[in-house]
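Engineer: Provided below are the primary sequence and the corresponding predicted coordinates.
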Amino acid sequence: MKRRDFLKLSAAAALTGMAAACGAAPSASASFAPAASSAASTPASSAASSAAASSGAGTGRTLVACYSATGHTAAVAGYIADATGADLFLLQPVDPYTDEELDYNDSGSRVSQEHADPSLQTVELEAVTPEGWADYDTVFVGCPIWWGRAGWPVNGFVTGNDFSGKRVIPFCTSASSGLGSSAENLAQLAGSGDWQEGMRFSASASESDVAEWLAGLAL
Ligand SMILES: Cc1cc2nc3c(=O)[nH]c(=O)nc-3n(C[C@H](O)[C@H](O)[C@H](O)COP(=O)(O)O)c2cc1C
């Protein structure tokens, strides 16, 4: 199966596959938030207006939205969803990154070129808004750290939704870098929502690392 086909499988299959690929235990019981049909395969800008139109007081539900290129952040997202009973929404680029495209040691790779030229960092997502967006009071937003900042494929989700009235909890995984100003940058990009202090996990974070963090949050 081609990598592109693989990444177009359902979010559940994608998470299981990615978690397995990186040696993490796949999420056992996380449920998955389907994309709002009007937002699927549409650019962030058009999804934003439909999301804004449907925003409002939530009904106490929690969402874990996550971009993960190689599965580490997706594993953490799965742990959060399992522990909190949240729905999981995996962000998938329309044009997924291949291993070669993710090679940051190659100055000619896709990711290196995007890093060098921010005008290339708009990554269209298969879906920007999950069904029932208005019902979520709490939204975890996860991504890997790329060059010391939030990996930009998550940006389409952040800019494409209205976070008004929602508590937003950012998290990331990285090899060694801290969260730095990534969370503040995402909050600024979003322009709405009550953004909380974020958390950085190592790429090999365990379920108990995540549980320990969650225990300290007033959820
Ligand atoms: C393009 C790229 C840039 C990266 N930049 C950093 C970095 O600046 N600091 C760091 O600690 N790790 C960096 N990493 C490592 C990732 O942050 C780390 O492997 C992360 O857990 C990957 O998450 P994912 O599997 O969800 O994509 C980078 C990885 C890639 C592919």
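Structural biologist: Perfect, thanks for sending it. Numbers count the residues shown, from 1 in each chain.
Engineer: interface residues of this protein facing the ligand?
Structural biologist: For the chain, the residues in contact with the ligand (Cβ under 6 Å from any ligand atom) are 68-74, 102, 104, 111, 144-148, 173-177, 203. Where C-beta positions appear, they are placed from N, C-alpha and C, glycine not excepted.
Engineer: hmm, 8 Å instead?
Structural biologist: Neighbours of the ligand within the chain, by Cβ under 8 Å from any ligand atom: 18, 22, 66-76, 97, 102-104, 111-112, 115, 142-149, 151, 172-177, 201-203.
Engineer: Tell me the first helix or strand C-terminal of the lengthiest helix in the chain.
Structural biologist: Scanning the chain for the helix with the most residues, using DSSP state H, yields helix 72-84. Per DSSP states H and E, helix 72-84 leads on to strand 87-91 as the next helix or strand towards the C-terminus.
Engineer: what's that following strand packed up against?
Structural biologist: Contact partners of strand 87-91 among helices and strands, from 3 or more Cβ pairs under 8 Å, 6 or more residues apart in numbering; DSSP states H and E: helix 11-21, strand 31-32, strand 61-67, helix 72-84.
Engineer: could you pull out the helices for this structure?
Structural biologist: Secondary structure of the chain by DSSP H: the helices cover 3-7, 11-21, 44-54, 72-84, 110-116, 155-159, 182-190, 207-215.
Engineer: Just the angle for the longest one relative to strand 61-67, thanks.
Structural biologist: The directions of helix 72-84 and strand 61-67 differ by 170 degrees, with axes from the mean of the first three to the mean of the last three Cα atoms, to 10 degrees as the criterion.
Engineer: And the residue nearest the centre of the protein?
Structural biologist: Computing the C-alpha centroid of the chain and ranking residues by Cα atoms, centre = their mean puts C66 first, at 1.8 Å.
Engineer: if I pick that one, what's in contact with it?
Structural biologist: 73-74, 76-77, 88-91, 140-143, 154 (Cβ atoms under 8 Å, 6 or more residues apart in numbering).
Engineer: Who does it form a beta bridge with?
Structural biologist: L90, G142 (DSSP bridges).
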